[in-house]
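S.K.: please work out how this folds:
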Amino acid sequence: MIINYKDIKIYKINKQINLMNSKVFCLILAFALIKIAYTYDCKVCTFSMDGTDNNGPCTPCDEGTCTPFAGTKGNDQSACISRKCQGGKVSRYGYDLDGKGEGCYNCFEGFYTLDGISCDLIPCGYGFYGELGFQNKYSDTKYPQCKKCPDGFSTQKEITKGLDDSVCNVKVKLCPAGKWSWTGYDRDENGTGCLDCLEGTYSEEGSTSCNLWSCGKGYYSATGYYDSNQKNNCQKCPTNKSTLETNTKGNDDSACDLQLRPCPEGKWSETGYDLDGNGLGCQDCWEGTYSEEGSTSCDLKPCGYGFYSATGYYDQRKEFNCQQCPTGKSTLKQNTKGNEDLVCDLQLNLCPKGKWSKTGYDSNGRGEGCNTCEIGTYSLEGSKTCNLRPCGQGFYSKTGYYDADTEDKCQACPENTSTDGIQTQSLDKSVCKSFEINPTEVGATTNNATNSIIIKMTLSFILLVALF
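M.R.: Predicted structure coming up:
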């Protein structure tokens, strides 16, 4: 057998070449696999021709635009069709899918978003402010709590940014009765910042809530509350009656079991009675006015006869009050205007015997300014009181009377003497006459004289007993 060494050599060379080619192929394949393993899709908001970073970095979208998903293919910015979600809406990446809002969702009520990705912000409303105009429900560091404006002030808008209350530059009014707000104020100063109370409820001015409308004192209903849906609403009690409390239940005025008293002088009410039965249902008259008991209004109080003022009316201020005329003088009429007593041009007469006044004069100059003494009393001319009582028979005094308020008493006559009658005037006992019987006189004359004296003495005694 002949061995061809040349063929063997060629075979070995070919084998080596094949082995080398296999190694090169493996290396190429390995490099290809490595390249495939480390190739990524373009991230959201970037793009490339094949949608990967195989041929270099992906191109970013312009500010405010984005691609709808990762791996977007494109040659220019037209591939960035997505736009930022509008205020208060969110999506996974903060952008919509089509540039028209599709794929963005509203935050839950009461929350807000600035980045369009998470809803964790609460906007500062009217009357509140913060460093960024928001507060973060889940964090107190990045977004501090909203701060409340001082009472009576608000902000010009929601989401107001500020570090202090100088941004609260809108002066607001209290919500009127029948309306309410969370602060009690009309938050936007346009009358729309207060909400109406629901039917059947009420609120006072500046209220932060509405309550059931109770039937007040002096009213009643089947439920004790106002109900606009019922024909028989809160019914008013009779004029001089009231209820013991509010929310009184009843179908007729038998529920009004509180008897009211008339308003006293100087006070008034709509009915003339103390409406709550506790003395607080009458209002004081305004300064310079007055009222009689049970009045439904107050009137100007005129200066009476013998008084004057700059206006002719009473005024609680001392310097303008009604001034009294000098003793013995008066005015011709009531409501006399004047600043000094020259207007007191009516000379008064002294009150006659048996009458009196506070000054001793006929205060109105018409004979009606003196009061008559009570039965059993008496007065002298110009008296301020009726403190005199007549001396009986057998008694005397300087005036014929005795003063009940002083030591000026009637003096008794000596034994077996008497006066001729009652009210005997004298400074001594000279008015006391003897009534001894003359022994030379007999018969009927003596008896008649004795009987006459006895009768007079008896009558005097009876008179004294009646008076005292």
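
S.K.: tell me where the model's unsure across the stretch 301-450 of the chain.
M.R.: In the predicted model, the stretch 301-450 of the chain carries pLDDT under 70 at residues 316-320, 404-408, 436-450.

S.K.: element containing residue 20?
M.R.: helix 5-37 (DSSP states H and E).

S.K.: what mean pLDDT would you report for that helix?
M.R.: In this model, helix 5-37 has a mean pLDDT of 63.

S.K.: any idea how far the helix or strand just after it is from the chain center?
M.R.: Scanning forward in sequence from helix 5-37 by DSSP H and E, the next helix or strand is strand 46-48. Taking CA atoms, centre = their mean, to the nearest Å, one finds strand 46-48 lying 69 Å from the centre of the chain it belongs to.

S.K.: which regions of the stretch 1-150 of the chain lie under the pLDDT threshold?
M.R.: 1-15, 17, 19, 21-38, 110, 137-144.

S.K.: let's see it at 90
M.R.: 1-40, 53-56, 63-64, 69, 84-89, 92-93, 97-103, 106-128, 130-150 (pLDDT under 90).

S.K.: what segments of the stretch 301-450 of the chain are strands?
M.R.: 307-308, 323-324, 329-330, 346-347, 355-356, 371-372, 388-390, 395-397, 401-403, 411-412, 417-418, 424-425, 433-434 (DSSP state E, counting those that start in this stretch).

S.K.: in JSON lines, list those strands along with distance to residue 223.
M.R.: C-beta: built from backbone N, CA, C; applies to glycine. Listed next are those as JSON lines, based on distance: least, CB to CB, whole Å:
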{"stretch": "strand 307-308", "distance to residue 223": "55"}
{"stretch": "strand 323-324", "distance to residue 223": "58"}
{"stretch": "strand 329-330", "distance to residue 223": "62"}
{"stretch": "strand 346-347", "distance to residue 223": "65"}
{"stretch": "strand 355-356", "distance to residue 223": "62"}
{"stretch": "strand 371-372", "distance to residue 223": "58"}
{"stretch": "strand 388-390", "distance to residue 223": "69"}
{"stretch": "strand 395-397", "distance to residue 223": "78"}
{"stretch": "strand 401-403", "distance to residue 223": "70"}
{"stretch": "strand 411-412", "distance to residue 223": "82"}
{"stretch": "strand 417-418", "distance to residue 223": "86"}
{"stretch": "strand 424-425", "distance to residue 223": "81"}
{"stretch": "strand 433-434", "distance to residue 223": "91"}
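
S.K.: the ones you listed: which one's closest to residue 248?
M.R.: strand 307-308 (47.3 Å; CB to CB).

S.K.: same for that closest one, what does it pack against?
M.R.: Applying 3 or more CB pairs under 8 Å, 6 or more residues apart in numbering; DSSP states H and E, we find strand 307-308 packed against strand 323-324.

S.K.: contacts for the strand it packs on next, please.
M.R.: Residues outside strand 323-324 that contact it (CB atoms under 8 Å, 6 or more residues apart in numbering): 306, 307, 308, 309, 341.

S.K.: just the buried ones from those, in PyMOL syntax?
M.R.: To isolate the buried ones among the contacts of strand 323-324 in PyMOL, judged by 16 or more other CB atoms under 10 Å, type:
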select buried, resi 306+307+308+309
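
S.K.: what is the nearest of the contacts of strand 323-324 to residue 351?
M.R.: Taking those together and measuring to residue 351 by CB to CB, the closest member is residue 306, at 13.8 Å.

S.K.: skipping adjacent residues, who's closest to the closest one in space?
M.R.: Using CB to CB, 6 or more residues apart in numbering and skipping the chain neighbours, the partner closest in space to residue 306 is residue 330 (4.2 Å).

S.K.: burial of the one you found, as a residue count?
M.R.: Residue 330 has 27 neighbours, counted by other CB atoms under 10 Å.

S.K.: so it versus residue 304, what's the distance?
M.R.: According to CB to CB, to the nearest Å, residue 330 stands 10 Å off from residue 304.

S.K.: hey, what's in contact with both of these two?
M.R.: In contact with both residue 330 and residue 304: no residue, using CB under 8 Å, 6+ apart.

S.K.: buried residues in stretch 153-169, which are they?
M.R.: 153, 154, 155, 158, 159, 160, 162, 167, 168.

S.K.: ok, residues contacting that stretch?
M.R.: 123-134, 147, 149-150, 170-172, 185, 187-189, 193.

S.K.: hang on, the earlier thing: which of the buried residues of stretch 153-169 fall in strands?
M.R.: 153, 154, 160 (DSSP state E).

S.K.: run through the bridge partners of the last one.
M.R.: Beta-bridge pairing of residue 160, defined through DSSP bridges, involves residue 129.

S.K.: quick one: it from residue 194, how far?
M.R.: 20 Å.

S.K.: what do you get for residue 322?
M.R.: Counting by CB to CB - residue 322 and residue 194 are separated by 48 Å.

S.K.: between those two, tell me which one has more neighbours.
M.R.: Remark: of residue 322 and residue 194, residue 194 carries more neighbours, 24 against 19, as counted by other CB under 10 Å.

S.K.: that one contacts residue 186, doesn't it?
M.R.: Yes - contact criterion CB atoms under 8 Å: residue 194 and residue 186 qualify, at 5.0 Å.
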